[in-house]
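**Student:** Mind looking at a prediction? Sequence and model below.
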Amino acid sequence: MAGPREISIDGGTVRRPRMPWTPTIHDLLDHLSTQGIPVPRPLSIDDHVESVSLVPGLAGDDAWPDGLSADGARSLGRLLRAVHEGTRTWNPPADAVWSVPNSSSTTICHGDPKPANVAWRNEVAVGLFDWDAARPGDPAEDVAYVLLWGTPIDVDPGDEPLSKDEITLRRARARALLEGYGWEGPFDVVEAAVSRHEQAIDEVEWLGSHGHEPHATWVAQGWPTSWRSRLDAMREAGRRTFPAPLPG
């Protein structure tokens, strides 16, 4: 079983353990970066380590301590749309390897575009990194994932109802993100987010069954079962904020 991945940052270079899908991801990132899309640039790869450029900007869970503003969500929607459009002109290598099961699609989804994997500057999304979960797929999956973590749709809702101000802010974020992306037609935020969360749980189990960490540890500790048990509560709480799909 593989151990936990160790990631180091040295100046403008990020070094991470090589995975089976790393060469495919490097090929994709090279294509996107040559189009001016703000993603990590591949620098080198050997039998054990990959090196990519650091995407400038604030990043991680502490980059937006006050939560996403509506303008921030709108900028993230624009960035995600640019990424999806850029992937459609890429020709994957014949021996492409992906980290999770995927569908046949000309769009490559990032797979994990939560706000913590975004570089921010002045509350504007200026880059997208951590591409391990990338795979061919329906763009709606990425949109749903951003809404899940950026709105957010609580995966473990508490007993206390949200305040009116928080409900208003969450609705504004969701509308702004869809507007920034240029989504056409109605979008059921809650159903999309819950379905994408369930898909993510499936992917954790799949990665864990193949020995990848930290997923194997999460499976051994029973986390996927716990997460699944909360899906109905997640849906019910989300409906209090989004009782109906947002109009296009």
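**Tutor:** Nice, thanks for sending it over.
**Student:** How many residues are close by the closest residue to residue 184 other than its chain neighbours?
**Tutor:** Excluding the flanking residues, the one nearest residue 184 by CB to CB, 6 or more residues apart in numbering is residue 248, at 5.4 Å. All C-beta spots, glycine's among them, are computed from the backbone N, C-alpha and C. By other CB atoms under 10 Å, the residues close to residue 248 number 10.
**Student:** thought residue 248 was touching residue 181?
**Tutor:** No - using CB atoms under 8 Å, residue 248 is not in contact with residue 181, being 11.4 Å away.
**Student:** returning to what we had before: next, work out how far apart the residue nearest to residue 184 and residue 206 are.
**Tutor:** To residue 206, residue 248 is 33 Å away according to CB to CB, to the nearest Å.
**Student:** What is the least confident helix or strand in the chain?
**Tutor:** None of the helices or strands of the chain scores lower by mean pLDDT, DSSP states H and E than strand 8-10, at a mean of 92.
**Student:** and the next element down the chain from that one?
**Tutor:** Sequence-wise, the next helix or strand downstream of strand 8-10 (DSSP states H and E) is strand 13-17.
**Student:** I would like the residues contacting that following strand, please.
**Tutor:** Residues from elsewhere that reach strand 13-17 (CB atoms under 8 Å, 6 or more residues apart in numbering): 5-9, 40, 43, 48-54, 129.
**Student:** and it, which strands flank it?
**Tutor:** Partners of strand 13-17 in the sheet, by DSSP bridges, are strand 8-10 (antiparallel), strand 49-53 (antiparallel).
**Student:** for residue 166, what are its contacts?
**Tutor:** Here residue 166 is in contact with no residues (criterion: CB under 8 Å, 6+ apart).
**Student:** State whether it is indeed within a helix.
**Tutor:** Yes - counting by DSSP: H, G, I helix; E, B strand; the rest coil, residue 166 falls inside a helix.
**Student:** For it, report the pLDDT, please.
**Tutor:** Here, the pLDDT recorded for residue 166 equals 94.
**Student:** show me the biggest helix of this structure in terms of residues.
**Tutor:** Counting by DSSP state H, the longest helix found in the chain is helix 189-209.
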